[in-house]
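Trainee: Take a look and give me a structure for this.
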Amino acid sequence: MNAALPGQALPRWRRAVLKVGSNLLAADGGGLTDRYAAALAGFVAASHAAGRQVVLVSSGAVAAGRALLREHAPAAGDLAARQALAALGQAPMIALWQSLSARPVAQVLLTHDDLRNRRRYLNARATLRGLLALDVLPVVNENDTVAVDELKLGDNDNLAAIVAALVDADLLLIASDVDALYDADPRRNPRAAPVTRVPALTPDVLAMAGGSGSAVGTGGMRTKLEAAGKAAAAGIPTALFGGRDEAVVRALAEGRLHGTLVDASASRMQARKYWLRHAPAAAGRIRVDAGAARALAGGRASLLPGGVADALGEFHRGDLVEIVDADGKAVARGLSQYAAGEVRRLAGRHSRDIGAVLGYSYGSEVVHRDDLVTLAGAGTTGGIEA
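Mentor: Numbering: from 1, shown residues only. As a prediction, the model looks like this:
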């Protein structure tokens, strides 16, 4: 353990996203290895035993695919070949994590387009939440076989930040072969000093980061800080640490970080509620009865079909819509799990009837409480309720 990195308390968390890079999974010039992954899997298991949830974002598929082909592996610069290597390496990468986990492991392949499209965003979140509810370990990776732009320009650090916001995580953990952010490149400057805490990602802080230091990965410290910035904007702090040091990894399970902590710019709930309140809403609205309006005003209720009176105008599944009372006064805003036509068909019905009415179900709520914000003056004080 680096003596220059004293332990500091991790923020309190119940759900975290852990990103593990290729440089921790790929042996030098070979295939995947559990040399460092075993300790990280132990941290995941210890967290689960403590009642916490972890979503794993894992690199390593391209490196695993290249190792399987050995001397027949194509050149690294050929994009189509890298896509093929990613497809080939996904199975051994998942197999590695399953071999290290007593719980079932599920593979979830995403592209950034899945997370930009509101309907696919909700579908991806519902899948991940469902896996966590089943005590399954989700292992997320970019769908590199089709994500051309992501393979050319992207990395799993930024995907991990997006996934952290997707699952409403309390903490983003990024494991790499570098034990912290340094004020200069420690490989070239022996006087480089670690930075244990970053209150805000200023241009000066970003200037400390260099490029990729790994022969098999696509991201360096710069991308890790960019990911931390995305997480911070969503109200999620980020911990950067060295995944090759077992003592550092064990300390995480005890709530101690030997690395760099990047603070969030606001609380997770504040960031999400601010976005829900101020983002442009769809033209359509959902009208609710008096009982539902009172329940929503409390700030802790989901909108169920039984409280819906009608859907006004048109909107799609995943759209941000206003929720109004019988007088047309806006009482809340939220992401609708159903399109306007579906909401009209479900109005006044019990949640258990959704499948029978529609022939399918996206969940028992029209708007889940995690996707809903109460508006000022709607029977509350302080403007927004959690």
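Trainee: any weak-confidence spans in the stretch 1-150 of the chain?
Mentor: Flagging of the stretch 1-150 of the chain using pLDDT under 70 yields the residue ranges 3, 28-30, 75-78, 112-113, 116-117, 144-150.
Trainee: again with the stretch 201-350 of the chain
Mentor: 210-219, 269.
Trainee: Would you map the helices across it?
Mentor: Ranges of helices in the stretch 201-350 of the chain, per DSSP state H, counting those that start in this stretch, are 203-207, 221-233, 246-253, 268-278, 290-297, 340-346.
Trainee: most tightly surrounded among those?
Mentor: Among these, the stretch with the highest mean neighbour count (mean count of other Cβ atoms under 10 Å) is helix 221-233, at a mean of 23. (Glycine included, C-beta is placed from N, CA and C.)
Trainee: so what secondary structure elements neighbour that helix?
Mentor: With contacts taken as 3 or more Cβ pairs under 8 Å, 6 or more residues apart in numbering; DSSP states H and E, helix 221-233 sits against helix 156-166, strand 171-176, strand 181-182, helix 203-207, strand 238-242, strand 259-262.
Trainee: rewinding a little: output the helices of the stretch 201-350 of the chain in a markdown table, with distance to residue 19 appended to each entry.
Mentor: Below are these laid out as a markdown table (distance: least, Cβ to Cβ, whole Å):
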| stretch | distance to residue 19 |
| --- | --- |
| helix 203-207 | 19 |
| helix 221-233 | 8 |
| helix 246-253 | 13 |
| helix 268-278 | 18 |
| helix 290-297 | 36 |
| helix 340-346 | 36 |
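Trainee: At the geometric centre of this structure, which residue do we find?
Mentor: The centre of the chain sits closest to residue 163, judged by Cα atoms, centre = their mean, with a distance of 1.7 Å.
Trainee: That one is in contact with residue 110, isn't it?
Mentor: Yes - in this structure residue 163 lies within contact range of residue 110 using Cβ atoms under 8 Å: 7.5 Å.
Trainee: tell me, what's touching the two both at once?
Mentor: residue 140 (Cβ atoms under 8 Å, 6 or more residues apart in numbering).
Trainee: what angle do the helix or strand harbouring residue 40 and strand 171-176 make?
Mentor: Using DSSP states H and E, residue 40 sits within helix 37-49. Relative orientation of helix 37-49 and strand 171-176, computed by axes from the mean of the first three to the mean of the last three Cα atoms, to 10 degrees: 170 degrees.
Trainee: Check which helices and strands helix 37-49 is in contact with.
Mentor: Helix 37-49 sits against strand 15-20, helix 22-25, strand 53-58, helix 79-99, helix 246-253, with contacts defined as 3+ Cβ pairs under 8 Å, 6+ apart.
Trainee: One more pass at 7 Å, please.
Mentor: Under the contact definition 3 or more Cβ pairs under 7 Å, 6 or more residues apart in numbering; DSSP states H and E, helix 37-49 sits against strand 15-20, strand 53-58, helix 246-253.
Trainee: of all those, which lies closest to residue 1?
Mentor: Distance to residue 1, taken as Cβ to Cβ, is lowest for helix 246-253 among those, at 4.6 Å.
Trainee: Remind me what the closest one packs against, helices and strands.
Mentor: Packing partners of helix 246-253 (3+ Cβ pairs under 7 Å, 6+ apart): helix 37-49.
Trainee: Verify the contact between residue 182 and residue 191 for me.
Mentor: No - between residue 182 and residue 191 there is no contact under Cβ atoms under 7 Å: 9.9 Å.
Trainee: who's more crowded, the two?
Mentor: Between residue 182 and residue 191, counting by other Cβ atoms under 10 Å, residue 182 is the more crowded of the two (21 against 8).
Trainee: The nearest residue to the more buried one once chain neighbours are set aside: what secondary structure?
Mentor: Distances taken as Cβ to Cβ, 6 or more residues apart in numbering place residue 192 nearest to residue 182, at 4.3 Å, with adjacent residues excluded. Of the three states, residue 192 takes coil under DSSP: H, G, I helix; E, B strand; the rest coil.
Trainee: just use 868 as the starting number from now, easier for me
Mentor: Sure, I'll start numbering at 868, so the last one becomes residue 1059.
Trainee: Return the residues in contact with residue 1059.
Mentor: Neighbouring residues of residue 1059 by Cβ atoms under 7 Å, 6 or more residues apart in numbering: 1049-1053.
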